[in-house]
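In: One predicted model, sequence on top.
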Amino acid sequence: MGRYGAKLSAACLILLSMVTGCGSKTNGLNFKPMGSSLVLTNPNYILTINRSPYNFTVTSQGRVILASIPCTASSSVSATGSYLLNNTYACTFSAAGYNPISNGVNVYLHSDLAGWITYNFLLSSNRIKVSISSQNSNVQNIGDAFSTSTSGHWYGQGELGNYLNPVSGTMEKGQQWFPIETGSFTRCPLETADENNITTPLWLTSNGAGLFVDSYGPMCVSMGNGIFSLTGNSNKFSYYILVDKDIPSEYQDWISTDFTYKKAWQPVSLPAPDMFKGPVWSTWAEYLYGINQTNVIAFAQSITTFNLPFSILEIDDKWQSRWGDTDFDNTKFADPKAMIAQLHSMGFKVSLWIPPFVDNDSSNFNSLTEEFFVQSKDGGVSLIAWWDTFGAKKAGLINFAEPSAMNWWAGLLNTMTSNYGIDGFKFDAGEANWFPLDGVTEGYLSPNQYSDFYIKIHERVPAMEFRSGWFAQNEGQIMREYDKDSVWGSNNGLASVLPQMFSLEMIGYPFVLPDMIGGNGYTGWPSSELYIRWVEMNAFMPLMQFSMAPWDTRIIGLPTQTTIDITKMYAGIHQSLSTYMIDLTKNSATTGMPMVKPLFFDYPSDLNTYTIGDEFLLGDMYLVCPVVTQGASSRDVYLPAGTWADYFTGGTFTGPATLTGYPATIATIPVFVKKQ
């Protein structure tokens, strides 16, 4: 039986090869061995476990909605029962036996390398908990793989940006695929990393199956070539199979369920309402690190001179002398209190950018504060590099899991709000990839947990936005998409904004900020066409943020005044919808349901909707069809069932229908209002 066989050989095993057809019933669950398979029938689904080759399927509504992939080669990461041992992947071909348990079954596989591998299936009304374990503690990785085509279209996980592989050190090009099975990616480990900042291990499929890992990891996932694999980085791993009639039902069940780590939707607070009252204006793209008091006032005056709508003016990076300071650089800001008072008199609320890093030359890094940072295993602060240290390991990472550290940092920020009249903070970073490899905290905080502890600062300090989270849904905060490039495509350009928002909404974050209009400009500023198309799309999203000013002459193509006029029109539309947006936030706060939805969320029986990634529903009333293709002056529009009126012309149409070549001049995009 191999090295690890003796321990299990005395257990109560029923050999699958000897099963002929005896059945039983356990707690209402029909349990029927059939030949070389086990069939477990629940009122909502059927779980079939095949002995050889070992795999399992879930059937619901008369069709197979999830199928694991059997092992067909001695070494495979993309198969059920795959494992990593001694840095070599292998998998098991067949099951040796099973043991019925209350509400489920244990299935036993055997490998000379990994010993006995146990699959524990626990069934409830609309989910199955699958727990896998190997007796060999040296197994490094264990998990399952699934056929993507069996489950239809796949959605979820969160942001899919570029990914720095920590093992190879290479950058894997990312893209916000929609649906995600149309792309290929690996995330090992799966974590809240730069460009993949907001991540939750949840995947929903169009055929009614879902997968969810109620854990902070570590784990790995990969998608490609018709296979989705999901593994844990140890000799034990568990996940849930979700079963429901469609994606909205799957999502509603998941968001309202208490798991061990992910809790049922009950937000501890609501987002800052001022963020929804008009566009946010950030200083970043216009001034980068050159921000100062003169520039801030000039920026605000230009916004009002051009009569552009606004709500908050956000003072971004480098308002302080050293990163980690909690006071203004007095060489750049002679009288910050007077500056903020002037901004308030102009009607602006004011927020400040702040990260969780404190450089070791900051006044807030000293012998009295060292205990507030993540420590090294060897003792002392574990210094890290982050983007503003340009590769130098010179910053401490604030340990937000430690109450004294949280209170210390919150106290410093609240002192700033009191001293200067600041209205809130833009909290940047917080991802797992900044957590030092040698870092330790009390309770051994995992890297992904760090993101969720960081966001809790909103309970002590007025917060405007965050950009990282794992199971942070219940914090009820505005979550910002990762910085976009000033390009058209779905590789972090304009075409990625909407699919990324869909993905974040479908992992339980209803309050999504689509980042800065026009992108970051790092590799060149957008043309006026790209800028305007970005403005038009964002105008119908719950939150709108400018950083590139429409009067800036670096935006070329159309006359500057044309860019200003179109921007003003759409920013005005956005502001006119603010009451509607705030009502949507209240509804989402109660239900956990998305504010911005892909069409299939409201029309799940319409199979045409599952691959439409360039139209969205804003609440139940508006259907928005942005233009994300360079040079386009028209686009095809799909209208789902109902009567729809053109937002601009009033013309009415009846769906379901495809409107081919619908006009979309540079100053217009197709937007429709659903008639009741």
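Out: Yes, it's here.
In: the helices in this protein, which residues?
Out: For the chain, the helices defined by DSSP state H cover 6-9, 247-255, 284-287, 293-305, 336-345, 403-420, 447-455, 494-505, 528-539, 560-576, 578-591, 599-602.
In: Now do the third one: everything it contacts.
Out: Right, the one you point to is helix 284-287. Residues outside helix 284-287 that contact it (C-beta atoms under 8 Å, 6 or more residues apart in numbering) are 295, 299, 314, 316-317, 353, 516, 518, 520-521, 547-549, 552. Every C-beta, even on glycine, is put in place using the N, C-alpha and C of the backbone.
In: picking up where we left off before, can you put the helices of the chain in CSV and add mean neighbour count, mean pLDDT and distance to residue 110?
Out: Below are these laid out as CSV (neighbours: other C-beta atoms under 10 Å; pLDDT from 0 to 100; distance: least, C-beta to C-beta, whole Å):
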stretch, mean neighbour count, mean pLDDT, distance to residue 110
helix 6-9, 12, 36, 8
helix 247-255, 21, 97, 34
helix 284-287, 21, 97, 58
helix 293-305, 16, 98, 68
helix 336-345, 17, 98, 69
helix 403-420, 16, 97, 48
helix 447-455, 25, 96, 33
helix 494-505, 26, 97, 39
helix 528-539, 24, 98, 55
helix 560-576, 18, 98, 61
helix 578-591, 16, 96, 47
helix 599-602, 21, 98, 43
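In: Out of those helices, which is closest to residue 322?
Out: Among the helices of the chain, the nearest to residue 322 by C-beta to C-beta is helix 403-420 (13.8 Å).
In: what's the angle between that closest one and helix 336-345?
Out: Interaxial angle of helix 403-420 relative to helix 336-345 (axes from the mean of the first three to the mean of the last three C-alpha atoms, to 10 degrees): 70 degrees.
In: Now for residue 466: which residues touch it?
Out: Per C-beta under 8 Å, 6+ apart, neighbours of residue 466: 427, 430, 454, 455, 458, 472, 475, 477, 478, 479, 480.
In: export stretch 378-392 as PDB, just CAs?
Out: Extracted C-alpha coordinates of stretch 378-392, given in PDB (Å, rounded to 0.1, in the frame of the first residue of the first chain):
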ATOM      1  CA  ASP A 378      15.400  38.400  13.100                       C
ATOM      2  CA  GLY A 379      14.200  41.400  15.200                       C
ATOM      3  CA  GLY A 380      13.700  45.000  14.400                       C
ATOM      4  CA  VAL A 381      11.600  46.600  11.700                       C
ATOM      5  CA  SER A 382      11.500  44.800   8.400                       C
ATOM      6  CA  LEU A 383      12.300  47.500   5.900                       C
ATOM      7  CA  ILE A 384      10.700  47.300   2.500                       C
ATOM      8  CA  ALA A 385      10.900  49.000  -0.900                       C
ATOM      9  CA  TRP A 386       7.900  50.600  -2.400                       C
ATOM     10  CA  TRP A 387       7.300  52.700  -5.500                       C
ATOM     11  CA  ASP A 388       8.400  56.000  -4.000                       C
ATOM     12  CA  THR A 389      11.600  54.600  -2.600                       C
ATOM     13  CA  PHE A 390      12.600  53.600  -6.100                       C
ATOM     14  CA  GLY A 391      14.000  50.200  -5.100                       C
ATOM     15  CA  ALA A 392      15.600  51.200  -1.800                       C
END
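In: Pull out the buried positions in it.
Out: 381, 382, 383, 384, 386, 388, 389 (16 or more other C-beta atoms under 10 Å).
In: just how off-centre is that stretch within its chain?
Out: Computed by C-alpha atoms, centre = their mean, to the nearest Å, the chain-centroid distance of stretch 378-392 equals 26 Å.
In: Same check on stretch 587-600?
Out: Chain-centre distance of stretch 587-600: 15 Å, with C-alpha atoms, centre = their mean.
In: do the same with stretch 604-624
Out: Worked out by C-alpha atoms, centre = their mean, stretch 604-624 lies 20 Å from the chain centre.
In: about what we covered before: of the contacts of helix 284-287, which belong to strands?
Out: Using DSSP state E, the subset of these located in strands is 314, 353.
In: quick one on the thing from earlier: of the helices of the chain, which is nearest residue 158?
Out: That would be helix 494-505 among those, by C-beta to C-beta, at 5.7 Å.
In: which other helices and strands contact the closest one?
Out: Applying 3 or more C-beta pairs under 8 Å, 6 or more residues apart in numbering; DSSP states H and E, we find helix 494-505 packed against strand 154-158, strand 512-513, helix 528-539, strand 596-597, strand 616-618.
In: at 10 Å what do you get?
Out: Contacts defined by 3 or more C-beta pairs under 10 Å, 6 or more residues apart in numbering; DSSP states H and E place helix 494-505 against strand 154-158, strand 199-205, strand 479-480, strand 512-513, helix 528-539, strand 596-597, helix 599-602, strand 616-618.
In: isn't residue 164 right next to residue 170, touching?
Out: Yes - counting by C-beta atoms under 10 Å, residue 170 is a contact partner of residue 164 at 7.7 Å.
In: what is in contact with the two at once?
Out: Jointly contacting residue 164 and residue 170 under the rule C-beta atoms under 10 Å, 6 or more residues apart in numbering is no residue at all.
In: returning to what we had before: would you mind checking which of the buried residues of stretch 378-392 is nearest to residue 208?
Out: residue 386 (42.2 Å).
In: Please tell me the pLDDT value assigned to the closest one.
Out: Reported pLDDT at residue 386 in the predicted model: 96.
In: how about it, what does it touch?
Out: Neighbouring residues of residue 386 by C-beta under 10 Å, 6+ apart: 194, 323, 355-357, 359, 392-395, 397, 428-429, 433-434.
In: again, but for residue 37
Out: So residue 37 contacts 16, 19, 48, 49, 50, 51, 52, 56, 57, 95 (C-beta under 10 Å, 6+ apart).
In: ok, back up a step: quick check: ChimeraX command selecting the buried ones in the contacts of residue 386.
Out: The buried residues among the contacts of residue 386 can be selected in ChimeraX (16+ other C-beta under 10 Å) with this line:
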select :194,323,355,356,357,359,394,395,397,428,429,433,434
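In: All set, thanks.
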